[in-house]
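> mind folding the following:
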Amino acid sequence: MAKTAATGFYPRGNLLGGANTPPSYDYIIANSVTIKIGDALLINEAGFVRRSAAGEPILGVCVGLVDVNGINVFSPRASGTTGSTLTPDDTLATSSTNQSDAVRNLKAQIQLDPAGLLLYYNDADADLAATNDFQFYDSSAAGNQITGSTNLDTNGQWQLVKRDPDGDADLSKGLFRINESQMNAGLDSATDKIPA
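This is a model prediction of the structure:
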């Protein structure tokens, strides 16, 4: 699969050591939003998917974009894409009626991780140092890149688990786990779990 941007979160193992990754679940995308494979996503208060902006909880990471029948939106067989903008092979901007038009109802396939066991590769916007190991970070407003200046010892959307996972001395690369999950509503946090 080609990617139109270098940003995003991509599955790269888990804390249990196995190669298995959980399945994805399909959720209808909100009206007039842009979602890219690799974006951190959430369910809004109306029950539809949008990007998880800086400081917001994360339901999971987008691993696919499909039509109402589960067909990849970039396939010539996909239906309901009228009014949407597709940027092959990884970005979708939905129409203004995606939620309500049952013919459209384009969906994001979201890999859920309420336990924070999955590791996601991300190329942060700044270098990561040894002093940042296991610190917490927020992602960008687009929900697709770690913002290096947000590192804290106390709380954040993501937690750095490993620096330079490729061993190529690129100090901005890291493996991160979801720390602030939308599915952990019982956690004591200042973050609203179901944002507007």
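> quick one: contacts for the most centrally placed residue in the chain?
Central residue of the chain (CA atoms, centre = their mean): A40, 1.9 Å from the mean position. A40 makes contacts with F9, R51, S52, I58, G60, V61, C62, S139, G143, N144, Q157, I178, as judged by CB atoms under 8 Å, 6 or more residues apart in numbering. Backbone N, C-alpha and C define where each C-beta goes, glycine included.
> which stretches of the chain aren't confidently modelled?
Along the chain, the model assigns pLDDT under 70 to residues 1-5, 19-20, 185-196.
> again, only this time at 50
1, 193 (pLDDT under 50).
> quick one, domains of it?
10-112, 118-178 (automatic domain parsing).
> for N184, which of those domains is the nearest?
Evaluated over the domains of the chain, closeness to N184 peaks at domain 10-112, with 8.0 Å, by CB to CB.
> what's the first-to-last distance across that closest one?
Start to finish, the residues bounding domain 10-112 are 13 Å apart (CA to CA, to the nearest Å).
> kindly report the same for stretch 6-23.
Distance across stretch 6-23, first residue to last, is 24 Å (CA to CA).
> which residues are contacting it?
36-40, 61, 63, 90, 111-113, 116-123, 140, 142, 144-145, 161, 165, 175-177.
> so which of those residues sit within strands?
Using DSSP state E, the members of the contacts of stretch 6-23 that fall in strands are 36, 40, 61, 63, 111-112, 118-123, 161, 175-177.
> which among those end up buried?
Neighbour counting with 16 or more other CB atoms under 10 Å marks 36, 40, 61, 63, 111-112, 118-122, 161, 175-177 as buried within the ones in strands among the contacts of stretch 6-23.
> what does the strand or helix carrying L86 rub up against?
According to DSSP states H and E, L86 maps onto strand 85-87. Residues from elsewhere that reach strand 85-87 (CB under 8 Å, 6+ apart): T4, V73, F74, L92, A93.
> looking at those, spot the one nearest A129.
For A129, the nearest member of these is T4. The distance, counting by CB to CB, is 30.2 Å.
> now, the most widely separated pair of the buried ones among the ones in strands among the contacts of stretch 6-23?
Greatest spatial distance among these (CB to CB): K36 and V161, at 23.0 Å.
> still on that earlier bit, let me have the domains of the chain in CSV, extended by distance to N184.
Formatted as CSV, the domains of the chain follow (distance: least, CB to CB, whole Å):
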stretch, distance to N184
domain 10-112, 8
domain 118-178, 9
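> strands along the protein, start to end?
10-14, 24-28, 34-36, 40-43, 49-51, 60-66, 85-87, 91-93, 107-112, 118-123, 136-137, 158-163, 173-178.
> mind checking how far T81 is from T154?
When distance is defined by CB to CB, to the nearest Å, T81 is 43 Å away from T154.
> neighbour-wise, which of those two wins?
The residue with more neighbours, out of T81 and T154, is T81; 19 against 6, by other CB atoms under 10 Å.
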